[in-house]
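Asker: structure of the sequence below:
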Amino acid sequence: MASNAMKFKFNRFSVVGAIAALATTVSLAVPSIVKSQAVIKIDGSSTVYPITEAVAEEFQKQKSGIKVTVGISGTGGGFKKFCRGETDISNASRPILQKEIDACKQKGIRYIELPVAYDALTVVVNPQNTWADKLTVAQLKKMWEPAAKGTITNWNQINPNFPNAPLKLFGPGADSGTFDYFTEAIVGKSKSSRSDYTGSEDDNVLVQGVSTDKNAIGYFGLAYYENNKGRVKAVAIDNGKGPVLPSIQTVLDGSYNPLSRPIFIYVNAESAKRPEVKDFIQFYMRNGERLAKKVGYVPLPSKAYTTYLGYFRAGRVGSVFGG
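Answerer: Alright, predicted model coming up:
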């Protein structure tokens with residue numbers, strides 16, 4: 001009797017032990033399954049993020065076995081990772097710089113440069129701002145140039161007809177391609193800017209800042225304005241030919257100047273040999289026109305997407321725009 005009880009006890013724990021062992025085996029197997037999933041790593045510009053993220057979402061619906069991660073560390077931050085070989089694709093709101101070309105070359109990273117849309121860099125104010133519906137390039141320079149630090153602090157210093165109210169500035173951080181482009185177009189030298197402003201590589205932070213302060217002004221990509229029209233108000237920019245608001249039409253006809261620009265993705269040429277990356281880029285170029293418009297950017301001409309897809313398939317490395 002005791003022997004049967006012991007036997008039963010032994011068998012019972014043997015079963016429990018077997019289940020535990022099986023559970024351990026399964027739990028060990030799960031990470032290996034996850035690990036075997038193909039992953040495409042993307043990082044870089046917050047400006048380019050909306051279109052790349054839209055492409056990634058639709059692509060993953062069709063390719064459930066592929067995971068696409070899209071980060072936001074700014075164009076400069078993205079290129080640092082890209083040129084270290086940490087990412088497959090880099091979102092960029094400006095062309096690659098010479099120092100980044102050199103950094104990639106040093107690590108043996110070759111890349112394929114693909115424009116994906118046009119952007120209209122948009123200057124915005126709070127909806128309660130009733131005085132700054134339009135600004136000249138000269139006024140923007142006075143507001144943002146390095147010499148303005150600590151001295152240009154009120155709206156009436158920009159225009160005596162503006163109120164005696166504090167000037168609250170919001171803009172991209174120093175790692176942002178939007179920061180590089182804006183400073184070159186408005187101030188005359190890339191990265192030449194006052195430093196006493198609220199900066200962030202995440203454009204959503206800038207939207208939040210301007211939308212909650214009556215005296216705020218900031219700038220970021222057109223898509224973020226289009227998706228937040230109820231929270232911020234666009235300012236018409238006058239480059240000497242009259243004030244012009246950003247739009248698809250004014251970008252295409254060239255009148256929204258000097259704040260129109262192409263935006264890019266850069267693909268690691270070695271990564272491009274992987275089937276999942278190749279499929280993703282082909283999907284991007286075939287759907288880029290539709291999705292650029294959907295998220296609020298200005299699509300390239302249809303023929304351009306076909307041309308750049310051809311460059312990708314041919315493995316055309318290097319930069320036409322950069323340096």
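Asker: ok, the closest residue to I217 other than its chain neighbours - contacts?
Answerer: Nearest non-adjacent residue to I217, counting by CB to CB, 6 or more residues apart in numbering: V125, 5.0 Å away. C-beta here means a position set from N, CA and C on the backbone, and glycine is covered the same way. Applying CB atoms under 8 Å, 6 or more residues apart in numbering, we find V125 in contact with A132, V210, A216, I217, V232, K233, V235.
Asker: what's the distance between T52 and R231?
Answerer: 23 Å (CB to CB, to the nearest Å).
Asker: looking at those two, which is more packed in?
Answerer: T52 (25 against 15; other CB atoms under 10 Å).
Asker: please enumerate the strands of the chain.
Answerer: Assigned by DSSP state E, the strands in the chain fall at 38-44, 66-70, 89-92, 111-120, 122-125, 134-136, 168-171, 198-199, 216-220, 233-234, 236-238, 243-244, 260-268.
Asker: got these as TSV, with distance to G188 and mean pLDDT columns?
Answerer: Converted to TSV, those look like this (distance: least, CB to CB, whole Å; pLDDT from 0 to 100):
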stretch	distance to G188	mean pLDDT
strand 38-44	25	97
strand 66-70	33	97
strand 89-92	22	98
strand 111-120	20	96
strand 122-125	17	98
strand 134-136	14	98
strand 168-171	16	97
strand 198-199	20	96
strand 216-220	16	97
strand 233-234	23	98
strand 236-238	16	98
strand 243-244	20	97
strand 260-268	16	96
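Asker: who wins for proximity to P301 among these?
Answerer: strand 111-120 (10.1 Å; CB to CB).
Asker: how many residues are close by the closest residue to K278 other than its chain neighbours?
Answerer: Leaving aside its sequence neighbours, K278 sits nearest to A272 (CB to CB, 6+ apart; 6.1 Å). Close neighbours of A272, defined as other CB under 10 Å, add up to 20.
Asker: and the closest residue to S176 other than its chain neighbours, what does it touch?
Answerer: Residue nearest to S176 in three dimensions, not counting chain neighbours: G74, with 4.4 Å by CB to CB, 6+ apart. Counting by CB under 8 Å, 6+ apart, G74 touches G44, S45, S46, P172, G173, D175, S176, G177, E201.
Asker: quick one: the last one from E100, how far?
Answerer: To E100, E201 is 16 Å away according to CB to CB.
Asker: what of the fifth one?
Answerer: In this structure, G173 lies at 17 Å from E100, with CB to CB as the measure.
Asker: still on that earlier bit, dump the contacts of V125 into CSV; add neighbour count and distance to Y284 as well.
Answerer: Formatted as CSV, the contacts of V125 follow (neighbours: other CB atoms under 10 Å; distance: CB to CB, whole Å):
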residue, neighbour count, distance to Y284
A132, 20, 37
V210, 27, 31
A216, 22, 35
I217, 27, 34
V232, 27, 29
K233, 20, 32
V235, 22, 32
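Asker: right, I'll call it a day here.
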